[in-house]
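Novice: I would like to see how this sequence folds:
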Amino acid sequence: MESLTLDILQSLPLLLLLVMALFLMIAEAIDRKSIVVPYIGIASLLISAILEFPFDDKTGDIYRSVSIYNGMLKVRGIASLFHVVLCIAGAFTLSFAVPYLRKLKQYKDDITGEITVLTLFAVIGMILLANANDLIITFIGLETMSVCLYIMAGAIKTRKENNEAGIKYFLLGAFASAFLLYGIALIYGASGSTNYSKMNMALLHYSPLFYAGIGLILIGFLFKVSAFPFHFWTPDVYQGSPTPLVGFMSTASKSASFWGMMLFIVAMSAVPKINLMLQAVSILTMIWGNFMAIRQMNLKRVLAYSSIAHAGYVLLAIASYSNIGFQAVVFYMIAYTIMNIATFGIISLIEGENLSTNSKDLQGLYYQKPAYAILLSVCILALSGIPPFVGFIGKYQVFAAAIKSKLIVPAVVGIITSVVAAFYYLSIIRRICFIKPDKNTHVPFESDALSYTALGLLIAGMVIFGVYPSPILNLVNKLYLYSVQFIG
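Specialist: Okay, here's the model as predicted:
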């Protein structure tokens, strides 16, 4: 009983989210037009983040990973930082999504309450995935997250593009989940356990089931992070889904999936040649994502292929198979979350009532809405990795980790494809700022206090952590110092 009480106390921030999600689900069912449900959801996410934040103490105990619920979950350590990032990502997403959905006057249903509840449940799934110490928890977290995202992709039921995005995401995601679950079953058959701490890697090397299981599980993870060749769903889903929610899909879900993948890969670290496969996937993902983005004429499709390329950069850091590489992944995902949620947030304002993100409609935005054009340009420059924004530090960390691990060829490919990325990123800025519009028929949404406050905070974060990244870098280093060292 005492052990259970301690476990509950350790998981209190997660349980708070669960209780609030259930409460808001009931409240939303009673009053579908309630205006307070989204704000309670945002407050719940922020409170959970504050409770979980690894505030410094002189002993370092707060930074050490702790196993709870019979070793099924690991809390604190790096998992705490991901918990905070995921909650903040959810809060910023709702800050953009709530005004956005209420501005769509052509859609009569108010779905802000439903989206709030789905966001909370999605964050719960992501946290489970980031805290998992057992493949069963990994699967539960991944599916809790995924089911919420499938519904969010098709949230606007009266719009054809949203229905198409939701169906495509659901069908392809179901196949990926089947691969993942079958891989878990094979590993269980080979080892007799799904717990990372209880698998005997030395014995498992002789089992063909084990290697097949690893391959199937990695397929499931590579789908979730939009890595080549499991990325084909990404452009269509991003283009069709409600824009603020795309920012959430492309950042929070990827952060959780990458961390879940890292936990799995580290548990299988005795298995040779996984990193060789990751290097190959990383190279192909960076090349495909960046070169395909050049051909796109829709801004959301450009950013979809850009997100594929960013997945390649993160895989490069994972393939370095070192502590510095894994720390680079953590920092990069924090930076990418800040940049991409801000980018899709400003696009949700720009696209207007007709929900258009085609290049022709956005041409000459500066002459119509100069503030929107400047904000979007800042976000684009950050994504391209140009200093003094946080994207530059993120890419530097990734490439430094790869070079220190002697992954010279993948690192060179990453640098070259980053130059390619700068071409299409700067082309966006050129079109919206330096070319006059042919017709002035596109009408962006008017700004609102909630969205502008969120944008201000995110862009401030891009600049501050780009110029002064030490607070995040030092926190990540400390968490590694006091937590379990994943790689010797």
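Novice: Give me the nearest residue to Val75, chain neighbours excluded.
Specialist: Gln10 (5.1 Å; CB to CB, 6 or more residues apart in numbering). For every residue, glycine as well, the C-beta is placed using N, CA and C.
Novice: oh, I was asking about Pro437
Specialist: For Pro437, the closest residue by CB to CB, 6+ apart turns out to be Gly364, at 3.1 Å.
Novice: thought the one you found was touching Lys436?
Specialist: Yes. Using CB atoms under 8 Å, Gly364 is in contact with Lys436, at 4.8 Å.
Novice: Give me the more crowded residue out of the two.
Specialist: Gly364 (20 against 9; other CB atoms under 10 Å).
Novice: Next one, pLDDT for that one please.
Specialist: Looking at Gly364, its pLDDT reads 81.
Novice: what's it in contact with, if anything?
Specialist: 432, 435-438 (CB atoms under 8 Å, 6 or more residues apart in numbering).
Novice: switch to 10 Å and redo it
Specialist: Listed by CB atoms under 10 Å, 6 or more residues apart in numbering, the contact set of Gly364 reads 373, 431-440, 442.
Novice: What is the strand or helix carrying Phe175 packed up against?
Specialist: Assigned by DSSP states H and E, Phe175 belongs to helix 160-191. Applying 3 or more CB pairs under 10 Å, 6 or more residues apart in numbering; DSSP states H and E, we find helix 160-191 packed against helix 135-153, helix 201-204, helix 208-224, helix 233-240, helix 243-267.
Novice: For the fourth one, which helices and strands make contact with it?
Specialist: Meaning helix 233-240. helix 135-153, helix 160-191, helix 243-267, helix 274-293, helix 299-319.
Novice: any idea of the angle the third one forms with helix 135-153?
Specialist: Right, helix 243-267. 170 degrees (axes from the mean of the first three to the mean of the last three CA atoms, to 10 degrees).
Novice: Which parts of the stretch 351-488 of the chain are helices?
Specialist: Along the stretch 351-488 of the chain, counting by DSSP state H, counting those that start in this stretch, helices occupy 359-362, 365-368, 370-383, 390-404, 408-434, 449-467, 470-482.
Novice: can you list those in a markdown table and add distance to Thr337?
Specialist: Shown next, in a markdown table, are the helices of the stretch 351-488 of the chain (distance: least, CB to CB, whole Å):
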| stretch | distance to Thr337 |
| --- | --- |
| helix 359-362 | 24 |
| helix 365-368 | 25 |
| helix 370-383 | 12 |
| helix 390-404 | 10 |
| helix 408-434 | 18 |
| helix 449-467 | 9 |
| helix 470-482 | 12 |
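Novice: Could you point out which of these sits nearest Phe291?
Specialist: With respect to Phe291, and counting by CB to CB, the nearest of the helices of the stretch 351-488 of the chain is helix 408-434 at 6.4 Å.
Novice: Pull the contacting residues for the nearest residue to Leu381 once chain neighbours are set aside.
Specialist: Excluding its sequence neighbours, the residue lying closest to Leu381 (CB to CB, 6+ apart) is Phe389, at 6.0 Å. By CB under 10 Å, 6+ apart, the contact list for Phe389 reads 335, 338-339, 378-383, 459, 461-463, 465-467.
Novice: cutoff 7 Å now
Specialist: 381-382, 462-463, 466 (CB atoms under 7 Å, 6 or more residues apart in numbering).
Novice: State the distance from it to Ile350.
Specialist: Remark: distance between Phe389 and Ile350 (CB to CB, to the nearest Å) = 20 Å.
Novice: likewise Ile380?
Specialist: From Ile380 to Ile350 the distance is 12 Å (CB to CB).
Novice: For those two, indicate the residue with more neighbours.
Specialist: Ile380 (27 against 24).
Novice: So that one sits against Arg430, correct?
Specialist: No. Assessed by CB atoms under 7 Å, Ile380 is found out of contact with Arg430, at 10.4 Å.
Novice: Confidence-wise, which of the helices and strands packed on helix 160-191 is weakest overall?
Specialist: helix 201-204 - the lowest mean pLDDT of the helices and strands packed on helix 160-191, at a mean of 66.
Novice: ok, and the most crowded of the contacts of Phe389?
Specialist: Counting by other CB under 10 Å, top hit in these: Ala382 with 30 neighbours.
Novice: which intervals of this structure have sub-threshold pLDDT?
Specialist: 1-2, 55-63, 105-109, 201-203, 205, 269-273, 353-355, 439-441, 481-488 (pLDDT under 70).
Novice: how near is the residue most central in space within the chain to Leu24?
Specialist: Nearest residue to the geometric centre of the chain (CA atoms, centre = their mean): Thr251, 2.3 Å. Plainly put, Thr251 is 22 Å away from Leu24 if you go by CB to CB.
Novice: just Ala280 next, same as before
Specialist: 44 Å.
Novice: Looking at the two, which is more packed in?
Specialist: Neighbour totals were compared for Ala280 and Leu24, and Leu24 leads with 24 against 14 (other CB under 10 Å).
Novice: Look up phi and psi at the more buried one.
Specialist: phi -70, psi -30 (degrees, to the nearest 10).
Novice: Check Phe331 too.
Specialist: phi -60, psi -40.
Novice: can I assume it is in contact with Ile472?
Specialist: Yes. Phe331 lies in contact with Ile472 (CB under 7 Å); the separation is 6.1 Å.
Novice: who's more crowded, those two?
Specialist: Using other CB under 10 Å as the criterion, Phe331 and Ile472 rank with Phe331 on top: 22 against 18.
Novice: Nearest residue to that one in space, please, no chain neighbours.
Specialist: Closest residue to Phe331 apart from its sequence neighbours, by CB to CB, 6+ apart: Gln397 at 5.3 Å.
Novice: show me what contacts the one you found?
Specialist: Contact analysis of Gln397 by CB under 7 Å, 6+ apart lists 328, 331-332.
Novice: Repeat the analysis, applying 10 Å as the threshold.
Specialist: Contacts of Gln397 (CB under 10 Å, 6+ apart): 313, 317, 324-325, 327-332, 335, 469, 473, 476.
Novice: What of Leu171?
Specialist: Taking CB under 10 Å, 6+ apart as the test, what Leu171 contacts is 150, 233.
Novice: Please apply the same query to Glu446.
Specialist: 99, 103, 349, 352, 369.
Novice: For the residues you listed, which entry has the maximal number of neighbours?
Specialist: Most surrounded of the contacts of Glu446: other CB under 10 Å gives Leu349, at 26 neighbours.
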